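>>> Sequence and computational prediction follow.
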Amino acid sequence: MIGYSISLFNTAHSILARSASGGGFTNTLSMSLDGIDDYFLGASTYSELDGQTKMTFSCWIKPTSATTSVIASIKDSGSTEQFRVIFHSSRYIIIRTHTGSGRDTKTANSSITLNVWTHISFCLDLSLSLGSRGKIFINGVDATSADSMNQPSINTSGGGLRIGATDVGSLLPFPGLIDELAIWSGTDQRANVSEIYGGGEAVDLNNLATAPQPTTWQRMGDLATWNGATWTMTDVNGGYVNTSVNMAEASRTTDVPT
């Protein structure tokens, strides 16, 4: 019976992966978070970034209010974050891999427009010279205003991947829509950001011409399932599971980046 269950899981996962790739790719659904207490909680410790010196993060956001909030985060094994993507009330993005004072990459104030879909890519290579290790791209264009990443590698995780909030300090829930969130562990994709951005609409991240498949790709609204109480999202490549907290069935919306 155990072997049969595993077989069923692998078959289902294979179907999900195929549906997110190839000629059948579509993007018709995203997730809307209320900025009060909505978020997605990782079902297990997210360890894909542990000890890495390179990574890439990508997602689409449509913030509805200028409130300092968290788009995605992973707690480290101590009391701080391993990784955090922040939308600041001054409408800029700041990305933090916490280790002492050298931990931030940010964009300039007002680099994000409210109520408009915007693509964010963050690329990290800790082997590069100080000041150029982290880069943030907004809609495919380098928008980095400062970078102080100085750690030798990314900390060890102590928690799950949260989407739309953090578990380090205040919840800081994100107000708005999130779609197509992806992480590449161990690779810096700054040379391929334009292709990942796709010219203004979501693209099939498993079938890019130059960039490899992401380690984790949460399709958000597409492929999410509702059980009558919570949403469950399983990433199409690694099988990582996120479940919703305080979200309604109506949280899934047809508003997507186009």
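Looks like it came in fine.

>>> what's the closest non-adjacent residue to the residue positioned nearest the centre of the chain?
With distances taken as Cα atoms, centre = their mean, Leu181 lies nearest the centre of the chain, 3.9 Å away. Leaving aside its chain neighbours, Leu181 sits nearest to Cys59 (4.1 Å; criterion: Cβ to Cβ, 6 or more residues apart in numbering). Placement of C-beta: from N, CA and C, glycine included.

>>> Double-check that neighbour against Ile183; I have them as touching.
No: counting by Cβ atoms under 8 Å, Cys59 sits too far from Ile183 to count as a contact (9.3 Å).

>>> I figured Ile36 hits Leu171, correct?
No: with contact defined as Cβ under 8 Å, Ile36 does not count as touching Leu171 (9.3 Å).

>>> These two: which has the busier surroundings?
Between Ile36 and Leu171, counted using other Cβ atoms under 10 Å, the more crowded position is Leu171 (18 against 9).

>>> isn't the more buried one right up against Ala165?
Yes: counting by Cβ under 8 Å, Leu171 touches Ala165, with 4.9 Å between them.

>>> Need the residues touching each of the two.
Residues touching both Leu171 and Ala165 (Cβ atoms under 8 Å, 6 or more residues apart in numbering) are Tyr39.

>>> ok so, going back, a strand runs through the residue nearest to the centre of the chain, doesn't it?
Yes: assigned with DSSP: H, G, I helix; E, B strand; the rest coil, Leu181 falls within a strand.

>>> just checking, what packs against the strand or helix carrying Ala72?
Assigned by DSSP states H and E, Ala72 falls within strand 69-76. Using 3 or more Cβ pairs under 8 Å, 6 or more residues apart in numbering; DSSP states H and E, the elements in contact with strand 69-76 are strand 54-63, strand 81-87, strand 157-163, strand 175-185.
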